[in-house]
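Novice: I need the structure of the sequence given here:
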Amino acid sequence: MHRVFTALLLACAVVTAQAQPLISIIIDDIGDRYDYGRRALELPGALTYSILPHTPYAGHFAQLAHRQGREVMLHLPMQAEAGNRLGPGGVTLDMGEQAFRTTVRAALAAVPHARGINNHMGSLLTRHPGHMDWLMSEMNAQGGLFFVDSVTTVRTVAAHVALEHGLPSTRRDVFLDSATDTDSIRRQFARLLAVAHQHGSALAIGHPYPGTLQVLAEVLPQLDMYGVRLVPVSKLITTRQERSPQLWRASWSPSPPAAKN
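Specialist: I've put the predicted structure just below:
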């Protein structure tokens with residue numbers, strides 16, 4: 001399997017001088033467990049860390065990531081179709097607008113230095129334009145935030161509504177660890193590289209699972225060999241807009257949802 005993985009990666013390593021492909025990687029679910037968060041923050045490179053609000057180590061890891069020059073996001077819990085437990089700071093379909101906005105503001109306050117928001121679960125809530133309208137309106141009111149649609153359902157409207165509000169926004173292209181064994185994660189990382197080389201950029205989401213941390217520790221020091229550059233999510237969004245603004249707005253084809261929704 002390692003030979004297959006290496007062959008896939010090296011096949012992606014033809015780079016044009018005009019525009020080196022960019023990748024961004026968000027590590028979700030930071031804040032609940034100290035050991036997982038610590039190991040995730042020890043990884044090299046310009047990773048982006050999305051932190052669950054009101055968790056025991058949310059403030060600690062947000063401050064640490066910021067001191068390291070890493071980008072911080074709020075991983076906002078949103079109601080799922082299957083009724084998964086949200087944890088603290090979640091937003092749900094039965095909330096009125098004021099309660100919804102108050103919850104979002106409190107969640108942002110719980111994650112210092114958050115530059116953007118992506119959804120934690122949300123396969124139900126991200127399908128509802130009204131609630132997504134409240135979210136993007138509140139993000140505009142807070143100022144300077146971007147939104148990433150984690151795409152936990154093909155029926156999501158979240159990214160579309162963000163664009164309607166003029167928010168910097170994009171969608172996840174690859175989930176690294178819907179399956180958590182290292183061979184599957186390596187295949188997904190190779191897919192991330194292939195998407196980046198085909199389209200000029202690609203965005204992945206992973207989690208602080210042992211297998212994900214192991215694979216990232218192996219591959220991140222080799223990105224030059226693979227012909228891509230790792231950048232914070234805000235940089236990826238800006239570059240996508242600058243390189244092809246019309247295509248960027250028109251190319252919201254559904255990404256496969258994760259098994260975890």
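Novice: so where do the strands sit in this protein?
Specialist: Ranges of strands in the chain, per DSSP state E, are 22-30, 48-51, 71-78, 114-121, 146-149, 169-171, 174-175, 201-206, 229-230.
Novice: output these as TSV; include the columns mean pLDDT and mean neighbour count.
Specialist: For the C-beta atoms, the positions are set from N, CA and C on the backbone; glycine is no exception. Formatted as TSV, the strands of the chain follow (pLDDT from 0 to 100; neighbours: other CB atoms under 10 Å):
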stretch	mean pLDDT	mean neighbour count
strand 22-30	98	26
strand 48-51	98	28
strand 71-78	98	26
strand 114-121	98	25
strand 146-149	98	25
strand 169-171	97	24
strand 174-175	98	24
strand 201-206	98	26
strand 229-230	98	18
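Novice: now the ones you listed as JSON lines including distance to Ala65?
Specialist: Shown next, in JSON lines, are these (distance: least, CB to CB, whole Å):
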{"stretch": "strand 22-30", "distance to Ala65": "8"}
{"stretch": "strand 48-51", "distance to Ala65": "5"}
{"stretch": "strand 71-78", "distance to Ala65": "5"}
{"stretch": "strand 114-121", "distance to Ala65": "10"}
{"stretch": "strand 146-149", "distance to Ala65": "16"}
{"stretch": "strand 169-171", "distance to Ala65": "20"}
{"stretch": "strand 174-175", "distance to Ala65": "21"}
{"stretch": "strand 201-206", "distance to Ala65": "15"}
{"stretch": "strand 229-230", "distance to Ala65": "15"}
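Novice: of all these, which one is nearest Ile185?
Specialist: When those are compared by CB to CB, strand 201-206 sits nearest Ile185, at 7.7 Å.
Novice: can you pull the contacts of Ser234?
Specialist: Applying CB atoms under 8 Å, 6 or more residues apart in numbering to Ser234 gives the contacts Glu71, Arg115, Gly116, Phe146, Pro168.
Novice: now do stretch 97-104: distance to the chain's middle.
Specialist: Computed by CA atoms, centre = their mean, to the nearest Å, the chain-centroid distance of stretch 97-104 equals 23 Å.
Novice: in that stretch, what's buried?
Specialist: Residues of stretch 97-104 classed as buried: Phe100, Arg101, Thr103, Val104 (neighbour count, 16 or more other CB atoms under 10 Å).
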